[in-house]
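*Asks:* could you look at this predicted model? Sequence included:
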Amino acid sequence: MKTFLFELCAESLQAAQAADRGGADRIELCIRLDLGGITPSEQLIAATVQALSIPVHVLIRPRGGNFVYSAWEFDQMLEQVQCAREAGAAGVALGVLQADSRIDVDRSRKLAELAHPMNVTFHRAFDRAPDLGEALEAVIETGANCLLTSGGAPDVLTGAEQLGKLVKQAGGRIQIMAGGGLKLASMAEVLQRTGLHCLHGSLTRRAGECGNGDAEASKAEILEADVRTAVQLMRTHFAAREMAAPGINSRAAALGSLTRG
């Protein structure tokens, strides 16, 4: 059974297909990464689900900015969850906060229950909580299957120590996925320092790094290569750990259900 998972955050069908070809385990689909990501259109969700061989998770976020939503915005989120499920998505990424930035357990749970049987990831709204230990327990209460976090830091490398603490606190009750500022150059260090088995990133590059010619084609080719590199880095890391200490990956046995969904 595979002992790691790499999720690519994609904001277009072309990026999602590149990630699929590169060996990503699943996609988080969104648009407007410049805003931190918002929910994609029903048409993009349906086209991506139909085109990919790997699971597609959909970001449920009606706008950029904070994660404190009005009643009208929350109704939009309920509709977005329903739309994702009807389009055949395997999962959703969501999160609602209270005005004091603590986890809004009731409304997040309502979204998670509506999403069933899809996989539910509580996204990086978590990182805005004032007490991450308390917030982790609240996220578990929502019924989410997975928590996406940078450990409350600007990027996963900076938050590596806190991520390791969250993994220990979770004790297998919820899957922890590191995401936020993930870079190929530091992936192995993040895995080593946190004990994590799941990573999330967009692996985006600046326009000047994408070469000449057809810009979209060039970006897709680079992204495919970067995803392939990321997956190989993770494979090498866990193969080395397994050789050094047989059985060390027993904690990740439940990952099969995540990679399938």
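*Replies:* Perfect, I can see it now. This is a predicted model, so every value here is computed, not measured.
*Asks:* and S12, what does it touch?
*Replies:* 31, 44 (CB atoms under 8 Å, 6 or more residues apart in numbering). (Glycine included, C-beta is placed from N, CA and C.)
*Asks:* try 10 Å
*Replies:* Taking CB atoms under 10 Å, 6 or more residues apart in numbering, we find S12 in contact with 18, 29-31, 40, 44, 48, 216, 219-220.
*Asks:* quick check: the gap between it and L97.
*Replies:* Separation of S12 from L97 (CB to CB, to the nearest Å): 28 Å.
*Asks:* quick one: the strands in the stretch 151-261 of the chain?
*Replies:* 175-179, 198-201 (DSSP state E, counting those that start in this stretch).
*Asks:* can you add distance to V56, mean pLDDT and mean neighbour count and give those strands back as JSON lines?
*Replies:* JSON lines is the format used below for the strands of the stretch 151-261 of the chain (distance: least, CB to CB, whole Å; pLDDT from 0 to 100; neighbours: other CB atoms under 10 Å):
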{"stretch": "strand 175-179", "distance to V56": "16", "mean pLDDT": "98", "mean neighbour count": "25"}
{"stretch": "strand 198-201", "distance to V56": "14", "mean pLDDT": "97", "mean neighbour count": "24"}
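*Asks:* dump these into CSV; add distance to G91 as well.
*Replies:* Output for these, formatted as CSV (distance: least, CB to CB, whole Å):
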stretch, distance to G91
strand 175-179, 12
strand 198-201, 12
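*Asks:* so what would you say the end-to-end distance of stretch 78-97 is?
*Replies:* End-to-end span of stretch 78-97 (CA to CA, to the nearest Å): 15 Å.
*Asks:* and it, what's buried?
*Replies:* 80-81, 83-85, 87, 89-97 (16 or more other CB atoms under 10 Å).
*Asks:* and the gap between G143 and M234?
*Replies:* In terms of CB to CB, G143 sits 28 Å off from M234.
*Asks:* looking at those two, which one has more neighbours?
*Replies:* M234 (23 against 18; other CB atoms under 10 Å).
*Asks:* what's the pLDDT at the closest residue to that one other than its chain neighbours?
*Replies:* Leaving out its chain neighbours, the residue that sits closest to M234 by CB to CB, 6 or more residues apart in numbering is F4, at 4.6 Å. Looking at F4, its pLDDT reads 95.
*Asks:* and the residue nearest the centre of the chain, what does it touch?
*Replies:* Taking CA atoms, centre = their mean, the centroid of the chain lies closest to H200, which sits 4.8 Å from it. Contact analysis of H200 by CB under 10 Å, 6+ apart lists 5-9, 26, 28, 57, 93, 121, 123-124, 146, 148-150, 156, 177-180, 182.
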